[in-house]
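Asker: please work out how this folds:
(5 chains)
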Amino acid sequence: MRNLMKWGVAAVVVAGCSTYAGLANAADPIKIGSILSVTGPASFLGEPEKKTLEMYVERINKEGGVLGRKIELVVYDDGGAGEKASTFTKRLIESDKVDLLIGGSTTATTMAAVPLAERNEVPFISLAGAVVIVEPVKKWVFKTPHTDKMAAEKVFSDMKKRGITKIGMISEDAGFGKSGHDQSLAVVKSYGIEVVADEIYSPKDPDVTAQLTKIKNAVGVQAVFNFGFGQGPAIVTKNFKQLGIALPLYQSHGVASKDFIKLAGDAAEGVRLPAAGQVVPEQLAASDPQKPVVTAFKKDYEAAFKSDVSTFAGHAYDGLQIALAAINRAKSTDKAKVRDEIEKTSGYVGTGGLVSMSPTDHMGLSPSAFHMLEIRKGDWVLID
Amino acid sequence: MNLMTARTGGLALLAVVITVAPVGFSNSYFYDVAVNAMFNAILCVGLNLLIGYAGQISLGHAGFFALGAYGSGILTERYGVPAIGALVLSAAVVGVLAFVVARPILKLKGHYLAMATLGIGIIIHIVLKTESGITGGPDGMSLGNFKMLGLTIKGDQMWYWVVGFLLVLAVWLSLNLIDSPVGRALRAVHGSEVGAEVVGVDTSSYKVLVFVVSAVFASVVGSLFAHKNGFITPDIASFFHSVELVTMVVLGGMASIYGALIGAVILTLLPQVLAAVEQYEAMILGAIMMGTMIFMPKGLLPSLLASLKRRGGGQ
Amino acid sequence: MFAAFLQYLFSGLTSGAIYALAGLGFAIIYNASHVINFAQGEFIMIGGMATATMVAAGVPIYLAIPLAMVASMLVGVAMEKFAVEPARNADVVTIIIITIGASIFLRGAAQIIWDKEFHSLPAFSGETPIAVLGATLMPQSLWVFGISAIVIALLWYFFNRTMFGKAMLGTSHNRLAAQLVGVAVKKVLLASFALSALLGAVGGIVVTPITFTNYEAGIMLGLKGFSAAVLGGLGNGTGAIVGGLIVGIAEAMASGYLSSAYKDAIAFIIILFVLFFMPSGLFGKRGTDRV
Amino acid sequence: MSLLKVEKLSKEFGGVHAVEDLTFSVEAGHIHSIIGPNGAGKTTLFNLITGVYTPSSGRVLFQDRLVSGMKPYELAALGMSRTFQNLQIFFNMQAIENVMVGHHLHLDRRFLPSLLRLPKVKRRDRECRDYCAGLMEFVGLAKYIDADAASMPYGALKRLEIARALAAQPKMLLLDEPAAGLNATESREIDEVIKKVAATGVTVVLVEHDMKMVMGISDQITALDYGRKLAEGTPAEVRANPEVVSAYLGTHG
Amino acid sequence: MLLEISGLTSHYGRIQALKGIDVQVAEGELVALVGANGAGKTTLLRCISGVQPVTGGTIKFAGQDITKMGPEKRVGLGISQSPEGRQVFGPMSVEDNLRLGAYRRHGPDVKADMDRMYEMFPILHKKRELPAGTLSGGQQQMLAIARALMANPRVLLLDEPSMGLAPLLVAEIFRTIQALKDQGTTIFLVEQNAYAALAIADRGYVLETGAVVLTDQGSRLLNDDKVKEAYLGL
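Answerer: Coordinates of the predicted model:
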């Protein structure tokens, strides 16, 4: 009897595994695989990224596809977990036999997928921020968003301009904030700025006035810089106002979405942050090459989803455009050729800025891609 | 005699399943999922000693798993310790840590014990997240292949055979243990602590022992997992990972070694099966957890065996 | 320096009051049924999300709030009826898995019914901070304190002045005796879930202007509420409130004077130490096993 | 010789004296019964002697050695073993495994040999199984040797506890209401088992309500009421004691 | 017959606690059920109150079959019990305990009944604000009886009211029971203290290991040696 049982179990195991076998047949379409954090703490990255990819793939397919082939998009949700991302990446490569990978909403999920892309030689365009993704350069790995280091540099140069030399930092203890915090500390000295207070909060803390009070009381502090995303920075901003701290407050590019202003309300007045031109299409100079691109993208996205466009959606848009352009140029989905073409991307005008990649630069964005914004009267104002 | 055949028969069957399963694997993704399932199976067989056999809950075992993983990661990558040394050293450290916390913690019962173990897990998670200087922080850290005696374990297939062997070994050891004086004492702790005490079983020491053993199991699996995956993040120590592990044990069947194994395999495969209906995944997982526990509170395997037994007319 | 201390205290009280409300929900259900409901945080989430999305959709807030409370209560009742009641007398572990399953299920449902965005509600009475001896406090925090206090007073009244409340209390003290005086124990269980869900919803609504809410907002509040309830001693309402305040204040003081990176860890270390010396929490029942 | 001496033993629970200033001794080789109405403190006394509770004051001496305050498992090692009024069976195990746990102190309890199932452990375990099967036969459970404890009837479980306690090879066996919940036939059978145990030289301390049994097998009886000693002596003496009669049957009117 | 039990069986897990019990209680009667510990007396009372599952047989109350009725409904019908070991709501006040006793009732007579209880048990009035758990054993027993009476029962079930009480208190409790009987309350009394119970009972049943072995008028049982045998194993 027991043995019978075990055979049954074995059958279940085998059946469970072989279910996927049917999916493995490669068909005509160009297959793009994507691991995104659609649920979990980073869902506000993964969700708009997924929507964007789906929307544009559908549109491109309607218009006849690329190289006369339809595009097939396979998205798996890693829930923000690196380990899941790794298995799903393997599934995309091995079972779904995708031609190219886009995704990794967070640095952790990206880094989990990187060794697989490298080993299997699949072009991989990441949508995550950290510098480590492209420095040192990995042959098959690219990324579209600005790095947290660039964001920090943009902020520090703005501070320097204002003569600020002592700041307090507050950052969240999750991936984005932690990595941004570490990168900020790495570059801050070169701007002649000293970090006199360095505090941490958890993404779901209901109140951070204790941390802010500590910063407020730090000797000589002239400005505060918050690295984080989600609701945390909105709480920081509100608490900052509550404590009546009369110092400039800087946020990172993680809050460059209208949601932040909505959540933080009046307290957001005067907050400065670095962001891509996509956030403020209408304020860009008419001569700015980005203007038509970001205006069109914003219109498309907001028409389709009835919600404000976020920069994260833009990362996915850029990733898809760069990939499809490369496939077009390569005239095939041959992975090596596509990779070479991605690396040759030059003068692409995307939502994040002007992209020109090279064998030594797999991101291709210059620091000028960032604009400094200030929130005034509940809206973004371009200040440089 | 009866027991002997169940032991050898079960082990043989397990070995056969592991040997034959790759016939259905069309590529290394299948191996990858299978290896993950077997990692979880080993971990759950160990955790079942604590939860199912000794009757002590732990909502913090992912912490020990993560300590094993990070121990290996840090020692091999930052200090150049050989992989096997790092594995053993991490397991030893985890064992000592578990030993130190076990005595006060295991005095607690029920929900208080759940709270305390949960706390330990969360503290470990926070440390791994915060000490980014050595752990890489939330972005995780990478580590290299597992090398031992000049042999490098790499590639999903090779891992599959190694982990498959380890799973058989773990099941064998656990079967040995539960059917020994030590194992009987452990089970007696679950049955009735005072009943065990009055015939000479030092129950608190046995509780400590099984806590340490299951933590070491978790640590060793963590180390291997880290090498196999090549990349780890602090989230492997999260409360949810702990809950997932406990769910595997309870779903498959408490106090059943093969039950824990089956629970681990099912819950590892589930997200892969549900990937197509990703937005409903959470609801389905929640419903499965509730449904199984309501209708089969003893877990899948024991409930199925019991119903087979009933249908078979009592034997 | 006193101003800083006061600020930490305010911060701790704000968080602590939120945790206390969550913990109280745990206590009520535990009292009636000896079940730890890990889905308590989801009741809080449902209250906040339902109100915030209804308000965003143009429903007047005075209508949205009672609707959200009713919705949350219905979920609580359904959960008791379909998930907890059928598994009565099961192991502690089994019930833990069931309620964790319920919380995952509700979270999954919330992300489909609503979305994954963060939502907020306007503060009930503006955003002008109140200065107290150099520290500041948001009016909404006062709402949280005030409503917590009112809720606690109402609960006190319910449990001490109404027959049904006394029956619930009696059931928690002595189930057999309650049955013998004619209390329908099943109804008490159902009521305990409804009440906890209601309490969760109220908590969710008052804290949303401070913390915002999204479909995952219940996870942290559930954990903190559980910590508060265990620290105070399971099944003890006063204990849950004190436990919540201790956890909140410990976190704030730890951020202020020790390390903000380790504030959560420090809170858990305090809980562990309390449990080591008082294995049934601060106000828990201590009993001798009868053999 | 007195195997067990209880001296001025008291235990209170929140101000209530469950056992108060109790002194008595148990002679080696005797069957010594403790009787008294419900709530007289008999079970509390057992729990004090076997280390489940710690006394509020007073001492317990076993083989002239002070044992109060020792843990139950330490007392078991000294040769004291017991059964319970409310069964403390390991329902998660087989019947014979329950008994084998009883033999725990006499086995190789080291972790590694157990884990590796070394031949020596295996052999010793087989011997232990045979020995325990013998004990089960001894208490009349031959047909339950391969059964799961959870599938056994109540009367059999009572004996299983006795077998488990005997497997520890005690010098003194304490039986807490071994006949409670049993019918007349089953009680008589338990009666026989107790006599057989005593015949092997094990001292038996018995708490029992079944007076037929108590009067039939006891060498010595201590009667308790309200935690205090009411009477002491042979069955005939105790039965004739008017205070015992009134404690049991109450007083007229 | 007010209460009519026939062929009642019940199990505690694997023990058969009741093996086919037949018992009747007429309106206005005081019936005593005596027997040694573990005979199944408490189980029988719990079956009557509906808090212990019945596995066979029937329980009829005032002609209505209540075998499968929920416990709270039985209280509503007029079956009220003062359980073994008192089971007062320890942390709640004496007055709240009494109020809960009248849980199924509404209206002004509740207050009057409470006053009646305070009159009957003055000590409870004196301690009405105190938590019931702080009362002495005898006082708790009085509270348990008073609480049961607050339901205004048609039949009062008393389980071991003298257990664990000092002799003086035992006498007092029995005087109270006698007084209740004199007021016309139907009482089904379970006692280990056989003499005291049988002395005041109209009729009695002797229970041994789950079965009725003897039934007769109280006074006759009092002098029956078989009762003594059942207790002292003569």
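
Asker: hey, let's count contacts and neighbours off CA atoms from now on
Answerer: Will do.

Asker: can you give me the strands in chain E?
Answerer: E:3-12, E:15-25, E:30-35, E:56-61, E:64-65, E:79-82, E:155-159, E:186-191, E:203-208, E:211-217 (DSSP state E).

Asker: pipe these into TSV and attach distance to B:A114, mean neighbour count and mean pLDDT per row.
Answerer: Below are the strands of chain E laid out as TSV (distance: least, CA to CA, whole Å; neighbours: other CA atoms under 10 Å in any protein chain shown; pLDDT from 0 to 100):
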stretch	distance to B:A114	mean neighbour count	mean pLDDT
strand E:3-12	31	19	92
strand E:15-25	34	19	89
strand E:30-35	45	28	90
strand E:56-61	41	20	94
strand E:64-65	46	12	94
strand E:79-82	38	29	95
strand E:155-159	39	25	94
strand E:186-191	43	26	93
strand E:203-208	45	24	89
strand E:211-217	45	17	88
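
Asker: let's have those in CSV, adding distance to A:F142.
Answerer: What follows is the strands of chain E, written out as CSV (distance: least, CA to CA, whole Å):
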stretch, distance to A:F142
strand E:3-12, 70
strand E:15-25, 73
strand E:30-35, 87
strand E:56-61, 76
strand E:64-65, 80
strand E:79-82, 78
strand E:155-159, 81
strand E:186-191, 85
strand E:203-208, 86
strand E:211-217, 85
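
Asker: so for chain D, which of these sits nearest?
Answerer: When these are compared by CA to the nearest CA, strand E:15-25 sits nearest chain D, at 5.7 Å.

Asker: what's near enough to touch residue 259?
Answerer: You didn't pick a chain, so chain A it is. Residues near A:D259 by CA atoms under 8 Å, 6 or more residues apart in numbering or on different chains: A:D308, C:F118.

Asker: not what I meant, chain B
Answerer: Neighbours of B:G259 in contact, by CA under 8 Å, 6+ apart: B:V249, B:L251, B:G252, B:G253, B:G299, B:L300, B:L301, B:P302.

Asker: tell me how far it lies from chain E.
Answerer: 27 Å (CA to the nearest CA, to the nearest Å).

Asker: any idea which of the strands of chain E gets closest to A:N217?
Answerer: Between A:N217 and the strands of chain E, the tightest spacing by CA to CA is seen for strand E:79-82, at 66.0 Å.

Asker: tell me the strands beside the closest one, with direction?
Answerer: Its sheet considered, strand E:79-82 pairs with strand E:155-159 (parallel) by DSSP bridges.

Asker: how about the helices in chain A?
Answerer: A:2-18, A:43-62, A:82-90, A:107-120, A:148-161, A:175-188, A:209-216, A:232-242, A:258-264, A:290-305, A:311-330, A:335-343 (DSSP state H).

Asker: what do you get for the stretch 101-250 of chain D?
Answerer: Along the stretch 101-250 of chain D, counting by DSSP state H, counting those that start in this stretch, helices occupy D:111-116, D:119-138, D:154-167, D:184-199, D:211-217, D:235-240, D:242-249.

Asker: hey, C-alpha coordinates of the second one in CSV?
Answerer: If I follow you right, that is helix D:119-138. Extracted in CSV, the C-alpha atoms of helix D:119-138 (Å, rounded to 0.1, in the frame of the first residue of the first chain):
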residue,chain,number,x,y,z
PRO,D,119,24.9,-2.2,14.1
LYS,D,120,25.2,-2.0,17.8
VAL,D,121,22.3,0.4,18.1
LYS,D,122,20.3,-1.7,15.8
ARG,D,123,21.0,-4.8,17.8
ARG,D,124,20.3,-3.1,21.1
ASP,D,125,17.1,-1.7,19.7
ARG,D,126,15.9,-5.1,18.6
GLU,D,127,16.6,-6.5,22.1
CYS,D,128,14.8,-3.5,23.6
ARG,D,129,11.8,-4.2,21.3
ASP,D,130,11.7,-7.9,22.5
TYR,D,131,12.0,-6.9,26.1
CYS,D,132,9.2,-4.4,25.7
ALA,D,133,7.0,-6.9,23.9
GLY,D,134,7.6,-9.1,26.9
LEU,D,135,6.4,-6.3,29.2
MET,D,136,3.3,-5.8,27.1
GLU,D,137,2.5,-9.5,27.5
PHE,D,138,3.2,-9.2,31.2
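
Asker: contacts for that helix next, please.
Answerer: B:180-181, D:96, D:99-100, D:103, D:107-108, D:113-114, D:142, D:145, D:160, D:163, D:166-167, D:193.

Asker: make CSV out of the helices of chain A and add mean pLDDT.
Answerer: Listed next are the helices of chain A as CSV, based on pLDDT from 0 to 100:
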stretch, mean pLDDT
helix A:2-18, 45
helix A:43-62, 91
helix A:82-90, 88
helix A:107-120, 90
helix A:148-161, 92
helix A:175-188, 88
helix A:209-216, 91
helix A:232-242, 91
helix A:258-264, 87
helix A:290-305, 89
helix A:311-330, 91
helix A:335-343, 92
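
Asker: could I get the full set of strands for chain B?
Answerer: B:141-142, B:146-148, B:151-153, B:231-232.

Asker: what residues of the third one count as buried?
Answerer: Residues of strand B:151-153 classed as buried by neighbour count (16 or more other CA atoms under 10 Å in any protein chain shown): B:I153.

Asker: what is the mean pLDDT for it?
Answerer: Mean pLDDT, computed over strand B:151-153, is 82.

Asker: so what are the sheet partners of it and their directions?
Answerer: Strand B:151-153 has these strand partners (DSSP bridges): strand B:146-148 (antiparallel).

Asker: and the strand it pairs with, how far out from the chain's middle?
Answerer: 22 Å (CA atoms, centre = their mean, to the nearest Å).

Asker: got a winner among the contacts of B:G259 for most neighbours?
Answerer: Counting neighbours by other CA atoms under 10 Å in any protein chain shown, B:V249 comes out on top of the contacts of B:G259 with 35 neighbours.

Asker: so the nearest residue to it once chain neighbours are set aside versus B:I42, what's the distance?
Answerer: The spatially closest residue to B:V249, leaving aside those adjacent along the chain, is B:A260, at 4.5 Å (CA to CA, 6 or more residues apart in numbering or on different chains). B:A260 sits at a distance of 9 Å from B:I42 (criterion: CA to CA, to the nearest Å).

Asker: more neighbours: the two, which one.
Answerer: For B:A260 versus B:I42, neighbours defined as other CA under 10 Å are more numerous around B:A260 (35 against 29).

Asker: so what's residue 92 up against?
Answerer: If you meant another chain, say so; for now it's chain A. A:G33, A:S34, A:V74, A:V98 are the contacts of A:L92 under CA under 8 Å, 6+ apart.

Asker: try chain C instead
Answerer: Per CA under 8 Å, 6+ apart, neighbours of C:V92: B:G110, B:H111, C:V35.

Asker: same thing but at 10 Å, please
Answerer: Applying CA atoms under 10 Å, 6 or more residues apart in numbering or on different chains to C:V92 gives the contacts B:I57, B:G110, B:H111, B:A114, C:H34, C:V35, C:I36, C:I98.

Asker: the residues you listed: which ones sit near chain E?
Answerer: Taking CA under 10 Å from any CA of the partner chain as the test, chain E is in contact with none of the contacts of C:V92.

Asker: redo the residues you listed as a markdown table? Include pLDDT, distance to E:D96 and neighbour count.
Answerer: Converted to a markdown table, the contacts of C:V92 look like this (pLDDT from 0 to 100; distance: CA to CA, whole Å; neighbours: other CA atoms under 10 Å in any protein chain shown):
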| residue | pLDDT | distance to E:D96 | neighbour count |
| --- | --- | --- | --- |
| B:I57 | 90 | 38 | 26 |
| B:G110 | 85 | 31 | 15 |
| B:H111 | 87 | 30 | 20 |
| B:A114 | 91 | 35 | 21 |
| C:H34 | 84 | 23 | 20 |
| C:V35 | 88 | 26 | 21 |
| C:I36 | 89 | 27 | 25 |
| C:I98 | 93 | 35 | 29 |
